[in-house]
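**Q** give me the fold of what follows.
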Amino acid sequence: MMDPDYDLFATIVDEGGMAAAGRRLHVSPAMVSKRLVRLEDRLGTRLIHRTTRRLALTPAGERLHEDLRAIMAALDAAERRVSGASAEATGTLRVSAPTSFGRMHVAPYLGRFLEAHPKVRMQIDLSDDYADLLATRADLAIRITADPGQGLAAHRLATNRRVLCAAPDYLTRFGMPQTAADLRKHRLLAAEGQLPWRLLGPRGPVLIEGDSHVRTNSSEMVRELALSGVGVALRSLWDVSDALERGDIRQIMPDHEGSADVGLYAVHLPQNNPPLAITAFIDFLVGLYAPSPPWERSGIARAEKRL
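**A** Residues are numbered from 1 along each chain as shown. Down below sits the predicted model:
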């Protein structure tokens, strides 16, 4: 059996604070603090920085927490093998996802996962910032990128297909671009850091340089600007498939799309025995998005028939 102070430390990290850990373990906050100090004194190092607003792991605390999670997962697996008990995902699962994608393509399906795994408690953090798994204490992050990150276990869920699109009103006023040269003369829309566009055309890679007609740090703002007829955008298909199907927006230059290098990934810290909650959620995402994600099956096929 593992030292209970180790279990307490892991619970503080998992719950995000001493008070929450105390409630989970039925221990007073004062006793939680006392036992944490006892563990730090015994190890000869500080594990957690305490501030009035939040707790932050020290480098030593990060290493210990990572090691403890692996040990606890191995112990759980060993007990199941000995007892013959079936594997069951339990505990808190912290997931980070991009804001729009999480709202549109994670939230609607979470109920299905929670029904299948009733002992898992979910915490979903939505942000367009690149989530640092250690700093945010996330167990798993969904990333849309060409590079999921060094030193991480990465599971590619789908290709992030990106299409050029504009509202019918914009195309009526400014015309339909037919070539890359035409496109460069149009009002381009992109969030900070999203230009230049690296497209793949019939003759190979094409670079579209320029400035966004409206400067913004919000990808959701770009989507709304495109829908309202302000300009041309390069949007992920998962973001605009419904609008394409309704005819609110039209795909332009369909033989040019964003680079296929960009993919949808689930990433987590490498572990020999990851908690079952992590592997169960990855399996759930694979079943949801592979081999053909919902946005590929619905909007684009019908929208392309109208082109």
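**Q** surely residue 35 is in contact with residue 8?
**A** Yes - the pair residue 35 / residue 8 is scored as a contact, 5.4 Å apart, by CB atoms under 8 Å. Where C-beta positions appear, they are placed from N, C-alpha and C, glycine not excepted.
**Q** okay, these two: which has more neighbours?
**A** Shown here are residue 35 and residue 8; by other CB atoms under 10 Å, residue 8 has more neighbours (22 against 18).
**Q** need the overlap of contacts for residue 35 and residue 8.
**A** Contact criterion CB atoms under 8 Å, 6 or more residues apart in numbering; residues shared by residue 35 and residue 8: residue 27.
**Q** so how many other residues sit close to residue 131?
**A** Counted with other CB under 10 Å, residues neighbouring residue 131 total 22.
**Q** report the secondary structure state of it.
**A** coil (DSSP: H, G, I helix; E, B strand; the rest coil).
**Q** check contacts around residue 13.
**A** 48, 55, 57, 61, 65, 137.
**Q** how about 7 Å then?
**A** Shown in contact with residue 13 (CB atoms under 7 Å, 6 or more residues apart in numbering): 57, 65, 137.
**Q** and it, helix, strand or coil?
**A** helix.
**Q** quick one, grab the pLDDT at residue 49.
**A** Per-residue confidence (pLDDT) for residue 49: 83.
**Q** isn't it right up against residue 58?
**A** Yes - here residue 49 reaches residue 58: they are 6.1 Å apart, a contact under CB atoms under 7 Å.
**Q** what about the two, which has more around it?
**A** More crowded of residue 49 and residue 58, by other CB under 10 Å: residue 58, with 14 against 11.
**Q** tell me the pLDDT of the more buried one.
**A** Confidence score, pLDDT, at residue 58: 85.
**Q** you'd agree residue 90 is up against residue 119?
**A** Yes - using CB under 7 Å, residue 90 is in contact with residue 119, at 4.2 Å.
**Q** how about the contacts made by residue 159?
**A** Residue 159 makes contacts with 260, 263, as judged by CB under 7 Å, 6+ apart.
**Q** for it, name its beta-bridge partners.
**A** residue 263 (DSSP bridges).
**Q** if I look at it, how far off is residue 144?
**A** To residue 144, residue 159 is 10 Å away according to CB to CB, to the nearest Å.
**Q** can you check residue 240 too?
**A** Residue 240 is 14 Å from residue 144, by CB to CB.
**Q** which of those two has more neighbours?
**A** Using other CB under 10 Å as the criterion, residue 240 and residue 144 rank with residue 240 on top: 24 against 20.
**Q** what's near enough to touch that one?
**A** Listed by CB under 7 Å, 6+ apart, the contact partners of residue 240 are 165, 223, 249.
**Q** that one in helix, strand or coil?
**A** Under the three-state scheme (three-state DSSP), residue 240 adopts helix.
**Q** pLDDT weak spots in this structure?
**A** 1-2, 51-54, 77, 80-87, 291, 297-307 (pLDDT under 70).
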